[in-house]
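A.B. asks: Sequence plus the predicted model coming up.
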Amino acid sequence: MSSDHEPPRLSSLLKVGKSSGAIGAEHESLINGIHSSETYSASAAIFPFLFPALGGLLYGYDIGATSCATISIESASLSGISWYDLSSVEIGLITSGSLYGALIGSVLAFNIADFLGRRRELITAAIMYLVGALVTAFAPNFVVMVIGRLVYGIGIGLAMHSAPMYIAETAPSQIRGLLISLKEFFIVLGMVAGYGIGSLLVETVSGWRYMYGASTPLAVIMGIGMWWLPASPRWLLLRAIQGKGDMQELRETAICCLCRLRGQSIGSSASDEVDEILTELSYVGDENEATLGEMFHGKCLKALTIGTGLVLFQQITGQPSVLYYAASIFQSAGFSAGSDATRVSILLGFLKLIMTGVAVVVVDRLGRRPLLLGGVSGMVVSLFLLGSYYLFLDDVSAIAVVALLLYVGCYQLSFGPIGWLMISEVFPLRLRGRGLSIAVLVNFGANALVTFAFSPLKAWLGAGIVFYVFGVIAVLSLFFIFFIVPETKGLTLEEIEAKCL
């Protein structure tokens, strides 16, 4: 119910007896990185990670399943439809339909994210996944199938926007890097599952329908799980300090949500932790909602530069294009898997899983910058090796295989998981919803640009020169990481905002 009365001020909710000197000490500890250790139960942290991460798994599954579904749907004998004779443009729409939908979802997220909140946005994403998968699986014609792909893609856009936020805002800072990086592991796991299920069903009549329909149970589980989970306490507290609800009521709700998220081990410290977050949010100036113009000034601009820069370099260093050549590289080296693109994809998928697993284990110990600098350095070497192979060393196929594996491994140590991790950490809370939507939009937009520009560039310049260009861009990304990207290891989200922006 609306009220003309001013909501209680933050200071009235903090512990009685705190002097201005005490508050100043808290502000000093925020700047110096001294904060009370966040108490949590490992078992209680599983579900707040798992259900949002299913959104990433469903995204990865779509990539894997679609690569096999397009083979099935073009088969006169196995497609089970009369409209199987599709043009290359129509196949392209099926393949990239979810990408276009993800772009739409990213634009929608910009406008609705902070209103809906992270939890309800993930529930909406699960509904889009479910509806999109069912429409695609039961599509009676090509147009309906493309509509289903677009709807599923909207789910991808919403999920890839809200899942990193929910995990970042609910995870203890000690394991935040591990959990968000593990979401990338789930994306790769979904890709491997999609390739695997697709290869099993590719010889089945109407197998493409089963491939897309197979994702519906996970979408249902994700939706039910997110409905059961509590809202993000930080989102509730942001609404409180911005006067979008009763301060005391939202504070109590945030305490209850934090207790559910951290388990019994948090005990009576939940109230203290909520008050600490409120104080920090007030100190870093999150009381006022970020305007569109403000997003391109000050620390908002710096966060936007870091976040969008990372996801842009993540795509324009050639990741989609290198994988495009995987099958031909293996085939030229004489590997039997080279004759079967699906097997090559599964092989690379397992390598991506292993290397992402390594990143997950070490990210909170080594930090973000060492993984980015080391991994991207390896990508630079591999891209120049690939360029040299296609220009000068085409009789030494082992070089191409080594370069391909090095590139995939180094990408999964660096840009793969760390890009998504950093964009979920660097944006100030009041900017996080809109900032992340811009970053996700840039990510999918750059993906689409690289995917569609690669073939014309290859025909114009040749594969070797194109890989050299990607190598030069990767070198530029190293300078960007070294001079622009901060280290966020071990810091709370409020400390990142205070110290790194």
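C.D. replies: Arrived safely.
A.B. asks: Which helix or strand contains Ala474?
C.D. replies: helix 463-484 (DSSP states H and E).
A.B. asks: next helix or strand past the helix or strand bottoming out on mean pLDDT in the chain?
C.D. replies: The helix or strand of the chain with the poorest confidence is helix 20-32; it has a mean of 44 (mean pLDDT, DSSP states H and E). Scanning forward in sequence from helix 20-32 by DSSP H and E, the next helix or strand is helix 46-73.
A.B. asks: so after that next one, what's the next helix or strand?
C.D. replies: Assigned by DSSP H and E, the successor of helix 46-73 is helix 88-116.
A.B. asks: ok so, going back, for the helix holding Ala474, list every residue counted as buried.
C.D. replies: Neighbour-count burial for helix 463-484 flags 463-464, 466-471, 473-475, 477-478, 480-481 (criterion: 16 or more other C-beta atoms under 10 Å). Placement of C-beta: from N, CA and C, glycine included.
A.B. asks: so what does the longest helix anywhere in the chain touch, helix or strand wise?
C.D. replies: As assigned by DSSP state H, the longest helix anywhere in the chain is helix 429-461. In terms of contacts (3 or more C-beta pairs under 8 Å, 6 or more residues apart in numbering; DSSP states H and E), helix 429-461 is packed against helix 88-116, helix 142-170, helix 233-241, helix 298-316, helix 319-324, helix 415-426, helix 463-484, helix 493-500.
A.B. asks: so where's the stretch 251-400 of the chain uncertain?
C.D. replies: 267, 282-294, 324-325, 327-328, 331-342 (pLDDT under 70).
A.B. asks: re earlier: which one of the buried residues of helix 463-484 is nearest to Ala270?
C.D. replies: For those, the closest approach to Ala270 (C-beta to C-beta) belongs to Ile481, at 36.7 Å.
A.B. asks: Without its sequence neighbours, what residue ends up closest to the closest one?
C.D. replies: Spatially, and ignoring its direct neighbours in sequence, Ile481 is nearest to Leu372 (4.9 Å; C-beta to C-beta, 6 or more residues apart in numbering).
A.B. asks: Check which helix or strand the one you found maps to.
C.D. replies: helix 368-391.
A.B. asks: Which strands and helices lie in contact with that helix?
C.D. replies: helix 341-366, helix 397-413, helix 415-426, helix 463-484.
A.B. asks: Indicate which one of the ones you listed is closest to Arg118.
C.D. replies: So among those, helix 415-426 is nearest, using C-beta to C-beta, at 10.6 Å.
A.B. asks: tilt between the closest one and helix 397-413?
C.D. replies: 20 degrees (axes from the mean of the first three to the mean of the last three C-alpha atoms, to 10 degrees).
A.B. asks: Dump the C-alpha coordinates for helix 415-426 into CSV.
C.D. replies: Once non-C-alpha atoms are left out, helix 415-426 reads as follows in CSV (Å, rounded to 0.1, in the frame of the first residue of the first chain):
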residue,chain,number,x,y,z
PHE,A,415,37.3,-16.3,-20.8
GLY,A,416,34.8,-19.2,-20.6
PRO,A,417,34.1,-19.2,-16.8
ILE,A,418,35.9,-16.0,-15.7
GLY,A,419,34.0,-13.8,-18.1
TRP,A,420,30.7,-14.8,-16.6
LEU,A,421,32.1,-14.6,-13.1
MET,A,422,33.5,-11.1,-13.5
ILE,A,423,30.3,-9.6,-15.0
SER,A,424,28.3,-10.9,-12.1
GLU,A,425,30.7,-9.3,-9.6
VAL,A,426,31.8,-5.9,-10.9
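A.B. asks: for that helix, packing partners?
C.D. replies: Using 3+ C-beta pairs under 8 Å, 6+ apart, helix 415-426 sits against helix 142-170, helix 176-201, helix 298-316, helix 341-366, helix 368-391, helix 429-461, helix 493-500.
A.B. asks: avg pLDDT for the second one?
C.D. replies: Just to be clear, that refers to helix 176-201. Averaged across helix 176-201, the pLDDT comes to 88.
A.B. asks: for the longest one, same thing?
C.D. replies: Confidence over helix 429-461, taken as the mean pLDDT, stands at 83.
A.B. asks: Could you pull up the residues touching Ser321?
C.D. replies: Contacts for Ser321 (C-beta atoms under 8 Å, 6 or more residues apart in numbering) come out as Val450, Thr451, Phe454, Val466, Phe467, Phe470.
A.B. asks: Please report how far it lies from Gly471.
C.D. replies: From Ser321 across to Gly471, the span is 12 Å (C-beta to C-beta, to the nearest Å).
A.B. asks: same thing with Leu391?
C.D. replies: Distance from Leu391 to Gly471, by C-beta to C-beta: 12 Å.
A.B. asks: who's in contact with Tyr59?
C.D. replies: Applying C-beta under 8 Å, 6+ apart, the residues near Tyr59 are Ile156, Ala159, Met160, Ile187, Gly190.
A.B. asks: For the first one, grab the count of nearby residues.
C.D. replies: Applying other C-beta atoms under 10 Å, we find 30 other residues in the vicinity of Ile156.
A.B. asks: next one: the fourth one
C.D. replies: Ile187 has 23 neighbouring residues, counting by other C-beta under 10 Å.
A.B. asks: Once you drop chain neighbours, what's closest to it?
C.D. replies: Nearest to Ile187 is Gly60, by C-beta to C-beta, 6+ apart, at 4.0 Å.
A.B. asks: From Glu184, how far out is the one you found?
C.D. replies: 9 Å.
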